[in-house]
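**Student:** Sequence below, structure please.
(one chain, ligands or ions: 2)
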Amino acid sequence: MALSKLSSPSSLSTNILKPLTNSFLLHRPISTDTTPLTIETSVPFTSHQCEAPSRSVETTPKELLSFFRQMATMRRMEIAADSLYKAKLVRGFCHLYDGQEAVAIGMEAGITKKDSIITAYRDHCTFLGRGGTLLEVFSELMGRKDGCSHGKGGSMHFYKKDSGFYGGHGIVGAQIPLGCGLAFAQKYSKDETVTFALYGDGAANQGQLFEALNIAALWDLPAILVCENNHYGMGTAEWRAAKSPSYYKRGDYVPGLKVDGMDALAVKQACKFAKEHALKNGPMILEMDTYRYHGHSMSDPGSTYRTRDEISGVRQERDPIERIRKLILAHDLATEKELKDIEKEVRKEVDDAIAKAKESPMPEPSELFTNVYVKGYGVEVFGADRKEVRSALP
Ligand SMILES: Cc1ncc(C[n+]2csc(CCOP(=O)(O)OP(=O)(O)O)c2C)c(N)n1
Ligand SMILES: [Mg+2]
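**Tutor:** Ligands and ions are numbered 1, 2, ... in the order given. Next up, the predicted model:
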C-alpha cells in the first residue's frame, strides 16, 4: 500500500472530539481536521474506452474518520439485522450488505444528495449513506410505523426521495431502466445532476440493461451504471453465469472503469470521475470489485458454493473497514483505543435504535390502502382507495 502525505496531520486528540456533520451521525465525536492528504488507491483503475483517473486520491483526516465510523455503523447494523431475523422479529426477505460498505460510502463522498441513486434489494446501507437513520432502518425491517416506508416496504423497499434515493427494488435488474429514466428527467430539467443505478453481477447478464444503455447512450443521458460485482448471483459464481465477467467492458461503445470496491477512496475517485464524464458525454459503467460476507439472503448460509477460506481470505486481505483503520493508524490520526471507542459507541447507537424501533407501533390497518396509486391521476378509484373498501375496514 503506497501512501503519501502532503502535509502532516495535526494531533488527533485535540481534534477528535468535535461534532460530525453527517446527518445520520449527528452528535458523534469526530476529527474536524481538514488538512489535505493524498492517498494512493490499492490497485490501479482499469479502463475501457476512456482514460483512467489518477490513483492519487485527495482526502482529509476528517473524511477518513467519518468513513471509519460510517462503515462501522453499517457493519454493526447488518449484523444486528441478522440477529433480529433469527429472533423472528424481521420477517420476509432480507439481504445484507456487510463486506460491500465501501461502495456506499465512497459513492456518497464523490457525489451530492442532489444526484440520484437507485439500487436492488441489498439496500439498507445505501439508505443510511443517503442520510437515513438507524431508527428508520430497524423500524422498517420490523414492519413498524417509524420505518422509512412506514413499515409497509420491508428490507427490499427502502426509499428516501428527499435525498434522491429511489429504492430498494426486488426484481433483479428492473432498477436499471428506471435509473436511466431518472437520468432522462435530470437531463430534461438541465439541473446538472446524475443518477447512479446499481445492480449485481447476476443482473449484468440481463437484456434490459443493454436496452436501457443503448437509449442512454443515444441520448447522452447522465446515467452511471454501477455493477457491484460481489462475484455471486445467489449461489452461482460469476464464471458460471457470464461468458465475459469483465463487466466494465460489457457496455461495448460505453466507457467503463474497473474499481477496487473494497477501497472507499478508489470508489470516491471513480464516482467523481464518472459524474464529470456523464454530465459531458453520457453514460458510463463502473464495475466495483467487491464481496459479500453473508449469504445471498437469510435462507442461504453462504458456505455451500464457496469455501470458508475464500471468505476469511477476503476479510483478512481486503476488508474495507480494516483498510481505513490501517490508514488512520499509519497517519497517526487516531489511536487503536480511540477507534475501538468509536466502535463501542456505534454498537450502543445500534442497540438504542433497535430498542426504540421495538416501541414503534405497527401501521394502522387502513394504511394497507394508502400509497398504492399516485393521487390525482384518477386511477385510485379502480383500486384499493375505493370508499366502500375503506368503509369495510375494521
Ligand atoms: C427478474 C428476477 N429473476 C430472478 C430473481 C431471483 N433473484 C433474486 S436475487 C438474484 C441474484 C442476483 O444476483 P446479483 O445481481 O449478482 O446481485 P447480488 O444479490 O449479488 O447483490 C436472483 C436470481 C428476481 N428477484 N428477479
Ligand atoms: Mg452478485
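
**Student:** what is residue 59 paired to in the beta sheet?
**Tutor:** Beta-bridge partners of residue 59, counted by DSSP bridges, are residue 37.

**Student:** now residue 330: how far from residue 366?
**Tutor:** Remark: distance between residue 330 and residue 366 (CB to CB, to the nearest Å) = 56 Å. From N, CA and C alone the C-beta is placed, and that goes for glycine too.

**Student:** where does this structure come near ligand 1, residue by residue?
**Tutor:** 122, 170-172, 199-203, 230, 232-234, 296 (CB under 6 Å from any ligand atom).

**Student:** ok, what's across the strand from the residue in the stretch 51-200 of the chain that ligand 2 sits nearest to?
**Tutor:** Nearest to ligand 2, among the residues of the stretch 51-200 of the chain, is residue 200, at 3.5 Å (CB to the ion). Taking DSSP bridges as the rule, residue 200 bridges to residue 228.

**Student:** quick one: it and residue 226 touch, right?
**Tutor:** No: Residue 200 is beyond contact range of residue 226, at 10.1 Å (criterion: CB atoms under 8 Å).

**Student:** what's residue 56 sitting at in phi/psi?
**Tutor:** In terms of degrees, to the nearest 10, the main-chain angles of residue 56 are phi -90, psi 120.

**Student:** which residues of the stretch 151-300 of the chain score low on pLDDT?
**Tutor:** Of all residues in the stretch 151-300 of the chain, none has pLDDT under 70.

**Student:** one step back: and the residue of the stretch 51-200 of the chain closest to ligand 2, what does it touch?
**Tutor:** 120, 122, 172, 227, 228, 229, 230, 233 (CB atoms under 8 Å, 6 or more residues apart in numbering).

**Student:** So which of those is the closest to residue 362?
**Tutor:** Using CB to CB, residue 122 comes nearest to residue 362 of the contacts of residue 200, at 25.2 Å.

**Student:** Let me know the secondary structure of the closest one.
**Tutor:** coil (DSSP: H, G, I helix; E, B strand; the rest coil).

**Student:** Leaving out chain neighbours, which residue sits closest to it?
**Tutor:** residue 95 (4.4 Å; CB to CB, 6 or more residues apart in numbering).

**Student:** and that neighbour, how many neighbours does it have?
**Tutor:** Residue 95 sits with 21 neighbouring residues when counted by other CB atoms under 10 Å.

**Student:** Next: residue 262.
**Tutor:** By the measure other CB under 10 Å, the count of residues near residue 262 is 27.

**Student:** which ones are touching it?
**Tutor:** Neighbouring residues of residue 262 by CB under 8 Å, 6+ apart: 42, 102, 289, 290, 291, 314, 318, 319, 320, 323.

**Student:** Okay then, goodbye and thanks.
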